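Engineer: make a model of this:
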Amino acid sequence: MDSEKINRLIAENNLEKALAYIDEWLSNHSKDDKAYYLKGLVFWKQGNWKLTIENYLKAIEINPNSPAKQAYEMVMNIINFSNPDLYNP
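Structural biologist: Model (predicted):
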C-alpha cells in the first residue's frame with residue numbers, strides 16, 4: 001500500500017479516491033492495521049465518527065500498538081468531553 005499516496009489524497013481532501021484505494025488494498029490485505037487506521041482517518045475527515053471508531057478499533061484488534069490506538073483515545077476524549085459551564089452560563 002502506498003501510504004504516502006493515501007496521505008496526499010487525504011490532505012488534498014480527495015477522500016472518496018483515498019477510500020476507494022484503501023478498500024481495494026484491504027480486499028487482498030485484510031490484516032493491514034495501517035490501512036484500517038488510514039480508513040478511520042478518512043472517515044474522521046468526513047465527520048463520520050461511528051465509522052472512524054470502528055476502523056480504529058479494527059486496527060487496534062490487529063495490532064495493539066497501531067497508531068490507531070492514540071487516534072482512538074483522542075476521538076474518545078473529544079466525544080467524552082463535557083464542560084458544564086457551557087450549559088449553565
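Engineer: residue 29 reaches residue 36, doesn't it?
Structural biologist: No. Using CB atoms under 8 Å, residue 29 is not in contact with residue 36, being 10.3 Å away. Using the backbone N, CA and C atoms, a C-beta is placed for each residue, glycine as well.
Engineer: so who does residue 49 touch?
Structural biologist: Contacts for residue 49 (CB atoms under 8 Å, 6 or more residues apart in numbering) come out as 43, 75, 79.
Engineer: dump these to JSON lines, plus secondary structure.
Structural biologist: Below are the contacts of residue 49 laid out as JSON lines (DSSP: H, G, I helix; E, B strand; the rest coil):
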{"residue": "43", "secondary structure": "helix"}
{"residue": "75", "secondary structure": "helix"}
{"residue": "79", "secondary structure": "helix"}
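Engineer: so how do I select the buried members of the residues you listed in ChimeraX?
Structural biologist: Selecting only the buried entries of these in ChimeraX, with 16 or more other CB atoms under 10 Å as the criterion:
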select :43,75
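Engineer: pLDDT weak spots in this structure?
Structural biologist: Within the chain, the ranges that satisfy pLDDT under 70 run 82-89.
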